[in-house]
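In: need a 3D model of the sequence below.
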Amino acid sequence: MTNVADDGLAAILRPGDDAADGWFPESVATNYDSPGGANDPAAITPAVDLLEDLATGGPALEFAVGTGRIAAPLASRGVAVSGIELSRAMAERVATKPGGDRVAVTIGDMTSTRVPGEFSLAYLVFNTISNVTTQDGQVDVFRNAAAHLRPGGLFLIEVGVPDLRRLPPGQDTVPFTVAPSAEGGGYVGFDQYDVVTQQFSSNHVTVTPDGKGRFYRIPFRYAWPAEMDLMARIAGMRLKHRWSDWDRSAFTADSTKHISVWEKP
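Out: Prediction:
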């Protein structure tokens, strides 16, 4: 985190004061578990329900386990869960959650880090595949997942569908949240796309009632579901399921994200 003036936009997110933590240093990890949104039980429970079912009693491996938002409650249900996480600041919070002390976390890069054992399920949630910003790197994630799976094992990804249908000619930015505060200030979030390189950034502006603010930007690479199917084929897997959400609703042209599951033969 690089600080700038106290007035105006107060911070620009960079790959952390501890560069080893990538885009998720302590300054991000400290607020990552704030209530609401992805941390709402209504969002977590359906995900854990499906993952528990797909694990079929076998061990599960979460790539980019983060603070254990999904892994800890899954472990609480008796699933043997391991995790790989690049950010020590995020990983240190896993054990603080109920069930988190049962999650074996390895610090490393999900494109290449190996952990012992074979798994019935590997999974990667909440758009995190897009944090890998090259096609080769994303293919490596698929290959690494396949290398951890037992025959018949499954690899699941949750990721948004690129929002390019909302871009008229000449526009490269799509707002996803505009939330003024009753006390003054508020929050604005927008994605900015480069449709040539498939790079995009998620941009966040928060302004306090007294006019002070914070801006941060995280880079991503988007990939269409069909491209991910090809990545899976390169890794020796094949598509088994594709849903619109954790409730296994049908994936359609209007779906804003997909839950895709590939199988290792």
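
In: so P162 touches Q199, yeah?
Out: No: if you go by CB atoms under 8 Å, P162 and Q199 don't touch, sitting 11.2 Å apart. All C-beta spots, glycine's among them, are computed from the backbone N, C-alpha and C.

In: overlap in contacts, these two.
Out: Common contacts of P162 and Q199 (CB atoms under 8 Å, 6 or more residues apart in numbering): Y193.

In: wait, what's in contact with P98?
Out: Contacts of P98 (CB under 8 Å, 6+ apart): A72, P73, S76.

In: ignore the last one, D210
Out: Neighbours of D210 in contact, by CB under 8 Å, 6+ apart: G184, G185.

In: do you know how far it is from Q198?
Out: Computed as CB to CB, to the nearest Å, the D210 to Q198 distance reads 39 Å.

In: now H148
Out: 26 Å.

In: ok, these two, which is more surrounded?
Out: H148 (24 against 18; other CB atoms under 10 Å).

In: quick check: that one touching F63?
Out: No: taking contacts as CB under 8 Å, H148 lies outside contact range of F63: 9.1 Å.

In: which residues do those two both contact?
Out: A122.

In: was I right about V81 contacting E52?
Out: No: between V81 and E52 there is no contact, the gap being 10.3 Å when judged by CB under 8 Å.

In: helix or strand for I218, which one?
Out: Using DSSP states H and E, I218 maps to strand 213-221.

In: show me what stretch 123-143 is in contact with.
Out: Residues contacting stretch 123-143 (CB under 8 Å, 6+ apart): 23, 38, 47, 51, 60-64, 66, 69-70, 110-112, 145, 155-160, 198-199, 218-223, 228, 231-232, 234-235, 237, 257, 262.

In: among the residues you listed, which ones are in strands?
Out: Those of the contacts of stretch 123-143 mapping onto strands are 60-63, 155-160, 199, 218-221, 257, 262, per DSSP state E.

In: where do the helices sit along the stretch 101-250 of the chain?
Out: 135-148, 225-234 (DSSP state H, counting those that start in this stretch).
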